[in-house]
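Student: 3D model of this:
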Amino acid sequence: MSIKTLQLLRISWRKTSKSVGFSPSKSLSKKLGNLSRPCEYHQDSNIRHHSSSPIVPDLRDGDVDLIMQLPPRFLRLSSSGCYDHNTHQRIDINVDPIDGRLVQQRTNVEYAIKSISRNKHNDNYDVEFVDGYKSTVSMEWVQTQLDRLHINEQRNANDGISISQKMARIPWSNMKESELRLDLTNASSTVNEQNRGLAVSFRNIVLGSDHKQHSSHALKTLYQYGILLVTSTPTDDYGAGVAALSSVLSGAAIKTSPETSYLAHYRHCHEHEITPSPILPNATDGPFRTLYGGIWSTHSTEMPEGVSVADSAYGNEALPLHTDMTYYRDPPGLQILTMVSPADVGGESTFADGLAIAERMRKNHPDEFDVLCRTVRRYRSIDESTGWHLEGSGPVFNAIDRWQNYRRNGVDNIFDRANRWGAVVGIRHNDLDRLPDLPPLHATENDFVDGFYEELESAHSVLDNLLSSDEFRLVVALQPGETVVVSNHRCLHGRQSFLATKSPREVMGCYVSQDDLESRFRWMMKGHGTFQ
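Tutor: As a prediction, this is how the structure comes out:
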């Protein structure tokens, strides 16, 4: 291609990009409310027209009012015309097609809305801007965006339990082992108002003809309760079944290739009576690889050489309730625990709903709850034999900080301490891996430092009492082939001590990354949801 041809291509591209009209023409620091002129509602139509008069809310058409709560610039730039229909990447960013430089090009884009009208062919709405550009939005999409916009402005602390309008998270306590074992596919299986069936068979969720329906039920259950029991999981296939189960709950929703999906691979091998493999070199879903490998076992003699066994899980002492991989920057989203061989005496598994405990502290101990939300803790894992040194940090309760949004916009704090925190979206807690706490930077006065530690000790005393309470502890004697899947950002797990015998207690399992879990959940929710 000649230089002249390249120059003509660049000139042609610049003319085209100017006509598209998406480059920013005003400072990004300008408030969104000033980027467009307001509209008014005409009583004789379902249209809002461009006007210089103030917006007049009309209670007869709530949908239009909801749409108008979103910034016009956001509505326009979210239009399908701004995205490639195949890759879903933005195409409204002006990039030089030859050297890839971003082109800062001023255009006279008008983001003001001229009209909003109901689509004649469906329940969506057509949005027309003053320059004639048109976009179509669904109310489901609008509501999802409004949830994100107002997430920091929940009306009170009790609104903090769920951030999704489509599905509520359900904190649980006083759960019995018998409740965990109820089949979740039986709609009538309810023990009390708080819980429903939480169990599904491995065959139904992995091998059944309606496995997709069962996997949707499982994902919803994990979101709502943070815990799921899978029965009859194979334990004699070197972890291939566990890998397939992790595939059900992670990665791409369309699983057709046996080379890239553990679920498709397992189903293919079962259909053709082939031994499945626990390792797929080109897999795009399934187990999240950590220092313990992909599929791990607490029976250290069965672990491949080179993987880490530097963890108290490889002993037989009792383990306090905790979340896993606190020393990772981004801990895994799911923990999958399959009982291969239970102990002869002891070794029962323990679980607790961290969300329920957080909400109890928010209600009854707001000062201590505040401390565990705002204090960043450090966690560490070191393995001298394999050369691992991992460190991660974060608060015990990762809650939405309502103050942060207002500080960012130059508004004075309007929340008191009790109402500062919104939804709790994550739990990070493991006393065995937690490092000693340092006071805040530049804290030099002894009284302040002493107060810092006294607050932490008081908060931990409350947390420890709740974690030790029978009200929040679920004790389960897992049998061979029973698998518990827990949301690692919500549910804590532990175990009771056991006696070492000739047939030691062995648990096999793996992790699923939070990103892979989020993707699988969003696809099921058609893009309208997040696994938090």
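Student: Do a quick rundown of the strands in the stretch 351-500 of the chain.
Tutor: Here the stretch 351-500 of the chain has its strands, by DSSP state E, counting those that start in this stretch, at 377-383, 388-394, 397-401, 421-427, 474-476, 483-487, 491-495.
Student: so where's this protein uncertain?
Tutor: For the chain, the stretches with pLDDT under 70 are 1-61, 105-107, 150-166, 186-196, 300-304, 405-416, 418, 443-444.
Student: And the residue nearest to S215 when sequence neighbours are not counted, how far from P332?
Tutor: Spatial nearest neighbour of S215, chain neighbours left out: V248 (4.9 Å); criterion: Cβ to Cβ, 6 or more residues apart in numbering. Where you see a C-beta, it was placed from the backbone N, CA and C, and this is true even at glycine. According to Cβ to Cβ, to the nearest Å, V248 and P332 sit 16 Å apart.
Student: Over to L478?
Tutor: For L478, the distance to P332 - Cβ to Cβ - is 20 Å.
Student: Now tabulate the strands of the stretch 351-500 of the chain in JSON lines and tack on mean neighbour count.
Tutor: Putting the strands of the stretch 351-500 of the chain into JSON lines (neighbours: other Cβ atoms under 10 Å) gives the following:
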{"stretch": "strand 377-383", "mean neighbour count": "18"}
{"stretch": "strand 388-394", "mean neighbour count": "16"}
{"stretch": "strand 397-401", "mean neighbour count": "21"}
{"stretch": "strand 421-427", "mean neighbour count": "24"}
{"stretch": "strand 474-476", "mean neighbour count": "19"}
{"stretch": "strand 483-487", "mean neighbour count": "26"}
{"stretch": "strand 491-495", "mean neighbour count": "23"}
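Student: Tabulate those strands in JSON lines, adding columns for distance to V230.
Tutor: JSON lines is the format used below for the strands of the stretch 351-500 of the chain (distance: least, Cβ to Cβ, whole Å):
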{"stretch": "strand 377-383", "distance to V230": "28"}
{"stretch": "strand 388-394", "distance to V230": "28"}
{"stretch": "strand 397-401", "distance to V230": "27"}
{"stretch": "strand 421-427", "distance to V230": "22"}
{"stretch": "strand 474-476", "distance to V230": "13"}
{"stretch": "strand 483-487", "distance to V230": "4"}
{"stretch": "strand 491-495", "distance to V230": "15"}
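Student: so which of those comes closest to A318?
Tutor: Across those, A318 has its closest neighbour in strand 491-495 (6.5 Å, Cβ to Cβ).
Student: Extract the C-alpha set from that closest one and format it as CSV.
Tutor: Taking Å, rounded to 0.1, in the frame of the first residue of the first chain, the C-alpha atoms of strand 491-495 are listed here in CSV:
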residue,chain,number,x,y,z
CYS,A,491,-19.5,-18.1,53.7
LEU,A,492,-16.9,-19.2,56.2
HIS,A,493,-15.9,-22.8,56.7
GLY,A,494,-13.8,-24.8,59.1
ARG,A,495,-13.6,-28.2,60.7
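Student: Tell me what angle that strand forms with strand 483-487.
Tutor: Put simply, strand 491-495 runs at 140 degrees to strand 483-487, going by axes from the mean of the first three to the mean of the last three Cα atoms, to 10 degrees.
Student: Could you identify the helix or strand that succeeds strand 491-495?
Tutor: strand 506-512 (DSSP states H and E).
Student: Could you list the buried residues of stretch 234-251?
Tutor: Going by neighbour count (16 or more other Cβ atoms under 10 Å), the buried part of stretch 234-251 is 234-235, 237-251.
Student: for stretch 451-470, same thing?
Tutor: Within stretch 451-470, the residues scored as buried using 16+ other Cβ under 10 Å are F452, E455, L456, A459, H460, V462, L463, L466, L467.
Student: of all the residues you listed, which comes closest to D431?
Tutor: Closest approach between the buried residues of stretch 451-470 and D431, by Cβ to Cβ: H460, at 8.6 Å.
Student: where's that closest one relative to L372, distance?
Tutor: Using Cβ to Cβ, H460 is found at 8 Å from L372.
Student: do M139 as well
Tutor: Note on M139: its distance to L372, by Cβ to Cβ, is 38 Å.
Student: what do you get for K363?
Tutor: According to Cβ to Cβ, K363 stands 14 Å off from L372.
Student: who's more crowded, these two?
Tutor: L372 (26 against 12; other Cβ atoms under 10 Å).
Student: just checking, G81 touches S135?
Tutor: Yes. Using Cβ atoms under 8 Å, G81 is in contact with S135, at 7.1 Å.
Student: Just to check, G333 is in contact with C510?
Tutor: No. If you go by Cβ under 8 Å, G333 and C510 don't touch, sitting 11.9 Å apart.
Student: where along the chain do the helices fall?
Tutor: Taking DSSP state H, the helices of the chain run over residues 3-20, 62-67, 72-77, 139-149, 177-180, 202, 211-225, 240-248, 262-271, 354-364, 366-374, 402-408, 446-468, 514-524.
Student: Return the distance of the second one from the chain's centre.
Tutor: Translated: helix 62-67. How far helix 62-67 lies from its chain's middle: 28 Å, per Cα atoms, centre = their mean, to the nearest Å.
Student: number of nearby residues for Q104?
Tutor: Q104 has 8 neighbours, counted by other Cβ under 10 Å.
Student: Which one, of the strands of the stretch 351-500 of the chain, ends up nearest to K120?
Tutor: Closest to K120 of the strands of the stretch 351-500 of the chain, according to Cβ to Cβ: strand 421-427, at 38.6 Å.
Student: Residues in a beta bridge with V476, which ones?
Tutor: S349 (DSSP bridges).
Student: show me what contacts it?
Tutor: Contacts of V476 were listed using Cβ atoms under 8 Å, 6 or more residues apart in numbering, and they are E177, L180, E348, S349, T350, F351, V484.
Student: was I right about Y327 contacting L390?
Tutor: Yes. At 4.4 Å, Y327 counts as touching L390 under the criterion of Cβ under 8 Å.
Student: Name the residues contacting each of those two.
Tutor: Common contact partners of Y327 and L390 (Cβ under 8 Å, 6+ apart): R380, S381.
Student: returning to that earlier point: go ahead and confirm the residue nearest to S215 touches L207.
Tutor: No. Between V248 and L207 there is no contact under Cβ under 8 Å: 10.6 Å.
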